[in-house]
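A.B. asks: My questions concern the predicted model and sequence given below.
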Amino acid sequence: SIAPEMLWPLLIALLGFALFIAAVTVMRMKNEIIRREYHRPWVKEMVQSAKETNHAV
């Protein structure tokens, strides 16, 4: 058995790590969709809009 003083930080750290992995996965999926669809008009519009406002896509 593990002491509660160690269990709760461990569970919180595991939850944080899982959320981090989920966020990275979503960002990678977004980038992969954009890479595969680079020739589509909606991607070109998004890139042009990002260039005009100096934001990353």
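C.D. replies: That came through fine.

A.B. asks: Could you list the buried residues of the host helix or strand of Ala18?
C.D. replies: Element membership for Ala18 (DSSP states H and E) is helix 4-36. Neighbour counts over helix 4-36 (16 or more other C-beta atoms under 10 Å) mark no residue as buried. Where you see a C-beta, it was placed from the backbone N, CA and C, and this is true even at glycine.

A.B. asks: Number the chain from 21, please
C.D. replies: Let's use 21 as the start, then, which means that last one is helix 24-56.

A.B. asks: Over the very next helix or strand once past it, what's the mean pLDDT, rounded is fine.
C.D. replies: Using DSSP H and E, the helix or strand that follows helix 24-56 in sequence is helix 61-73. Averaging pLDDT along helix 61-73 gives 90.

A.B. asks: ok and the helix holding Ala38 relative to helix 61-73, angle-wise?
C.D. replies: In terms of direction (axes from the mean of the first three to the mean of the last three C-alpha atoms, to 10 degrees), helix 24-56 departs from helix 61-73 by 110 degrees.

A.B. asks: Averaged pLDDT, helix 24-56. What do you get?
C.D. replies: The average pLDDT within helix 24-56 is 97.

A.B. asks: and it, how far from the chain's centre?
C.D. replies: Relative to its parent chain, helix 24-56 has a centroid offset of 8 Å by C-alpha atoms, centre = their mean, to the nearest Å.
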